[in-house]
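# build the 3D model from these lines:
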Amino acid sequence: MNDDEGVSGAEGAVTTDFLKNILPGNFERYLRGIDFPIGKQELLRKLKQNGAPDVVVDQVGKRLPEG
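This next block holds a predicted model:
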């Protein structure tokens, strides 16, 4: 997955970069099928569906603003 895959607009790119910084090195599998920009709750739901560990989902939930 390259930086632009599944990203629409500058806001999506910023979110993707932010997620790369807080997710573990194998984060790409957690982001598969997620199109940005995306709402926080929908992102958290999709991370769980993609098998992200609860601790990762919790940290993303704590660090992202509502929206």
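
# which residues in this structure form helices?
For the chain, the helices defined by DSSP state H cover 9-22, 28-31, 40-49, 54-63.

# how far away is Glu28 from Glu66?
Distance of Glu28 to Glu66, given as Cβ to Cβ, to the nearest Å: 25 Å. All C-beta atoms are positioned from the backbone trio N, CA, C, and that covers glycine.

# more neighbours, these two?
Glu28 (13 against 6; other Cβ atoms under 10 Å).

# now the more buried one: how far from Ile34?
In terms of Cβ to Cβ, Glu28 sits 11 Å off from Ile34.

# correct me if wrong: Arg29 contacts Gly51.
Yes: assessed by Cβ atoms under 8 Å, Arg29 is found in contact with Gly51 at 7.1 Å.

# nearest residue to Ala52 other than its sequence neighbours?
Distances taken as Cβ to Cβ, 6 or more residues apart in numbering place Tyr30 nearest to Ala52, at 4.2 Å, with adjacent residues excluded.
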